[in-house]
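> build me a structure from this.
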Amino acid sequence: MIIKRVSDYEPFKAVDGSEIVEVIGMPTTNTKEVSLASAKIKPRSKTVDHYHDFTEIYMVIEGEGIMCINDEVKDVKEGDNILIPSRSWHCIENKGDRDLRIWCICAPAFTEEGTVLK
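Numbering: from 1, shown residues only. A predicted model of the protein is given here:
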């Protein structure tokens with residue numbers, strides 16, 4: 001059994017500009033099928049437009065923002081879950097005064113090689 005906590009790892013700046021702690025995935029558990037990361041976007045910041053060769057889900061756990069997927073733009077807030085199909089350009093912007101916190105689930109697991117920045 002593998003049990004991991006966000007506090008087990010130091011956060012790092014991801015390729016999209018967010019602050020990430022990858023809890024489950026290739027670097028932490030050698031898991032290739034799925035990955036789980038905690039991400040933080042600072043107030044009045046946004047991630048770089050990008051897409052992945054894998055499917056991703058964002059679970060908004062704190063704050064509010066603006067989610068862009070391809071040509072769609074929607075407000076998101078705590079409790080929202082967003083499906084990001086593979087090869088869909090996307091970014092998320094924090095429009096609040098506090099950190100926007102999300103869980104990121106990728107299947108198969110996140111890789112930088114599978115990520116393209118705009």
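
> ignoring the adjacent residues along the chain, who's closest to the residue nearest in space to the middle of the chain?
For the chain, the residue nearest the mean C-alpha position is Cys104 (4.0 Å; C-alpha atoms, centre = their mean). Distances taken as C-beta to C-beta, 6 or more residues apart in numbering place Ala37 nearest to Cys104, at 4.6 Å, with adjacent residues excluded. C-beta here means a position set from N, CA and C on the backbone, and glycine is covered the same way.

> mind checking the SS state of that neighbour?
The three-state label for Ala37, taken from DSSP: H, G, I helix; E, B strand; the rest coil, comes out as strand.

> bridged to it, which residues?
Glu22, Cys104 (DSSP bridges).

> and it, what is it in contact with?
Ile20, Val21, Glu22, Val23, Gly25, Trp103, Cys104, Cys106, Phe110 (C-beta atoms under 8 Å, 6 or more residues apart in numbering).

> let's see that with 6 Å instead.
Contacts for Ala37 (C-beta atoms under 6 Å, 6 or more residues apart in numbering) come out as Ile20, Glu22, Cys104.

> what's the answer for His52, then?
By C-beta under 6 Å, 6+ apart, the residues touching His52 are Gly114, Thr115.

> who is it paired with across the strands?
Thr115.

> hmm, back to that, could you dump the contacts of Ala37 into CSV and include pLDDT and distance to Ile57?
Supplementary listing: these in CSV, determined by pLDDT from 0 to 100; distance: C-beta to C-beta, whole Å:
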residue, pLDDT, distance to Ile57
Ile20, 96, 15
Glu22, 96, 15
Cys104, 98, 7
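
> any idea what the closest residue to Ile69 other than its chain neighbours is bridged to?
Nearest residue to Ile69, sequence neighbours excluded (C-beta to C-beta, 6+ apart): His90, at 4.7 Å. His90 has the following beta-bridge partners by DSSP bridges: His50, Ile69.
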